[in-house]
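J.: structure for this input, please:
(2 chains)
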Amino acid sequence: MSSKLAPRYWGAHLLALVLVAAAVALGLWQYGAWQAHRDAQAADLTSAEPLPLDRVLGPDDPFPGDRVGQPVTVSGTWVPDGTVYVSGRERDGVEGYWVVTPLAVGGPDAPALPVVRGWVAHPDDAPAPPTGTTALRAWLQPPEGTGQADDDPSDDVLPQLRIADIIQHVDQDLYGAYGVAEEPERGLDAASLEQLPDVGALTSIRNLLYAIEWWFFGAFAVFIWWRWVTETPEKEREEDSGDVPVG
Amino acid sequence: MKLFQTYRVLAFIVGVLLAFCSFVALPLRYLPTQGSNLQQLGETLSLLWIAHGWVFMAYVVVTFLLSRKLRWSIVFTLLNLAAGLIPLLIFWMEHQVNLKVRAEHPELVTPSAV
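T.: Okay, here's the model as predicted:
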């Protein structure tokens, strides 16, 4: 066994170390992704102190993963022409729609945050979208993106609240997030985060399955390395010449 | 021998899953317009990558055990293990293994009296 410590074998030891370290690191990465998914679902910030929107994210920032449901205060100018209806929102057992109007944060042409103003059973029941300026409190949410297709891109009904779809309805940039107004507008029922469609469980469990796989391969690399270290030199010589005659 | 048969079955499953995932699921997931029905199908089919990963784990163990039993060289063993990750290579490798076993261990492939 001491012969395996000879300098000419150091490369093999190093390779084993690198392989194991890589497998452990990749496993931890996948495990972290799985944990982050679960934490994002479990954390409830909805009763936290509201923060001004610009303290949480800027117009071009990616959504901060630990801020799902964070209450924010935001003021700006409504963009009534950008109003859309997001289908598949259930309220007290009734399938309905979220009424979403972008709110330009600052001037009328500034980047806008789509705001869920409330819930209606049918888009025809919704009051005319508001105009002018406002200040409101909303729960911040990352844009949805399960990839569900919009059957009819020409109307104002969307299957999910996706920035890439809403941007077709406005002239300015949009934030990478949306807000759910804490107080519904007059004429609308309250929208709440409970009305979000369920997220597929498989998307996050996939990360856990990958993590287990990576650790398995790490353990397997250790196993092979151990077999190699503890092998007797005779057996090794035999193996080295094992398949030469076949060619 | 059981191990050799198991190896062949696993190699076939890994090969088919890998080829399907790389040549059907992967292009479907990334080439069509984001959110279209075709792209959604690709998204769903991509779950087969998980199946590939787990069958591949079994393949790695069985191939390694077989390689010890039949005294394969390190290079031939590693090539066989890596073949489970490179589309289509595994079908050729499985053929090579088959030839090799027939040449070196004919007793493993002669059908036992049934």
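J.: quick one: residue A:144 is in a helix?
T.: No: using DSSP: H, G, I helix; E, B strand; the rest coil, the assignment for residue A:144 is coil, not a helix.
J.: skipping its backbone neighbours, what lies nearest it in space?
T.: Spatial nearest neighbour of residue A:144, excluding adjacent residues (CB to CB, 6 or more residues apart in numbering or on different chains): residue A:160 at 4.2 Å. In short, each C-beta sits where N, CA and C put it, glycine included.
J.: for whatever helix or strand residue A:209 lives in, the distance to its chain's centre please.
T.: Following DSSP states H and E, one finds residue A:209 within helix A:201-230. Averaging C-alpha positions (CA atoms, centre = their mean, to the nearest Å) puts helix A:201-230 25 Å from its chain's average.
J.: picking up where we left off before, ok but the residue nearest to residue A:144 is inside a helix, no?
T.: No: applying three-state DSSP, one finds residue A:160 to be coil, outside a helix.
J.: what about it, neighbour count?
T.: The local packing of residue A:160 (other CB atoms under 10 Å in any protein chain shown) involves 21 other residues.
J.: give me the number of residues near whatever residue of chain B ends up closest to chain A?
T.: Residue of chain B nearest chain A, by CB to the nearest CB: residue B:71 (4.4 Å). Residues near residue B:71, counting by other CB under 10 Å, number 16.
J.: that one: helix or strand, and which one exactly?
T.: Residue B:71 is part of no helix or strand when elements are defined by DSSP H and E.
J.: tell me the domain boundaries of chain A?
T.: Following automatic domain parsing, one gets these domains for chain A: A:2-39+A:202-240, A:46-198.
J.: okay, those domains, which one's buried deepest?
T.: Across the domains of chain A, the average number of neighbours (mean count of other CB atoms under 10 Å in any protein chain shown) peaks for domain A:46-198, which reaches a mean of 17.
J.: report pLDDT for residue A:186.
T.: At residue A:186, the model reports a pLDDT of 78.
J.: quick check: closest non-adjacent residue to it.
T.: Nearest in space to residue A:186, with sequence neighbours left out and distances taken as CB to CB, 6+ apart, is residue A:127 at 7.4 Å.
J.: and the one you found, how far from residue A:115?
T.: Applying CB to CB, to the nearest Å, the value for residue A:127 to residue A:115 is 15 Å.
J.: residue B:73 now?
T.: In terms of CB to CB, residue B:73 sits 66 Å off from residue A:115.
J.: now the strands for chain A?
T.: With DSSP state E as the criterion, chain A has strands at A:51-52, A:71-78, A:84-91, A:94-104, A:112-120, A:133-141, A:157-158, A:178-181.
J.: helices and strands around the longest one, which ones?
T.: Translated: strand A:94-104. Judged by 3 or more CB pairs under 8 Å, 6 or more residues apart in numbering or on different chains; DSSP states H and E, strand A:94-104 is in contact with strand A:71-78, strand A:84-91, strand A:112-120.
J.: and the longest helix for chain A?
T.: helix A:10-42 (DSSP state H).
J.: tell me the angle of that one relative to helix A:201-230?
T.: Between helix A:10-42 and helix A:201-230, the angle comes out at 160 degrees (axes from the mean of the first three to the mean of the last three CA atoms, to 10 degrees).
J.: what about helix A:10-42, average pLDDT?
T.: 86.
J.: what's the answer for stretch B:32-43, then?
T.: For stretch B:32-43, the per-residue pLDDT averages 76.
J.: which of the residues in that stretch are buried?
T.: Across stretch B:32-43, burial judged by 16 or more other CB atoms under 10 Å in any protein chain shown covers B:35, B:39-40, B:42-43.
J.: pick out the most distant pair among those residues.
T.: B:35 and B:42 (11.3 Å; CB to CB).
J.: how about the residue nearest to residue A:120 when sequence neighbours are not counted, what does it touch?
T.: Distances taken as CB to CB, 6+ apart put residue A:126 closest to residue A:120, at 4.8 Å, once the chain neighbours are dropped. The contact partners of residue A:126, taken as CB atoms under 8 Å, 6 or more residues apart in numbering or on different chains, are A:85, A:97, A:99, A:120, A:187-188.
J.: could you do residue A:104 as well?
T.: A:76-79, A:110-112, A:172.
J.: make a markdown table out of those and add distance to chain B.
T.: Formatted as a markdown table, these follow (distance: CB to the nearest CB, whole Å):
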| residue | distance to chain B |
| --- | --- |
| A:76 | 28 |
| A:77 | 30 |
| A:78 | 27 |
| A:79 | 23 |
| A:110 | 27 |
| A:111 | 22 |
| A:112 | 22 |
| A:172 | 22 |
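J.: can you put these in TSV and add pLDDT?
T.: Output for the contacts of residue A:104, formatted as TSV (pLDDT from 0 to 100):
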residue	pLDDT
A:76	92
A:77	92
A:78	92
A:79	92
A:110	90
A:111	92
A:112	93
A:172	88
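J.: ok, residue 109 - contacts?
T.: Using chain A. Residue A:109 neighbours (CB under 8 Å, 6+ apart): A:171-172.
J.: you looked at the wrong chain, it should be chain B
T.: Taking CB under 8 Å, 6+ apart, we find residue B:109 in contact with B:4, B:98, B:101-102.
J.: now, these that are in helices?
T.: Judged by DSSP H, those include B:4, B:98, B:101-102 as members of helices.
J.: just the buried ones from the residues you listed, in ChimeraX syntax?
T.: Buried residues within these, by 16+ other CB under 10 Å, are selected in ChimeraX with:
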select /B:4,101
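J.: can you list the ones in helices among the contacts of residue B:109 in CSV and add distance to chain A?
T.: Formatted as CSV, these follow (distance: CB to the nearest CB, whole Å):
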residue, distance to chain A
B:4, 16
B:98, 13
B:101, 11
B:102, 11
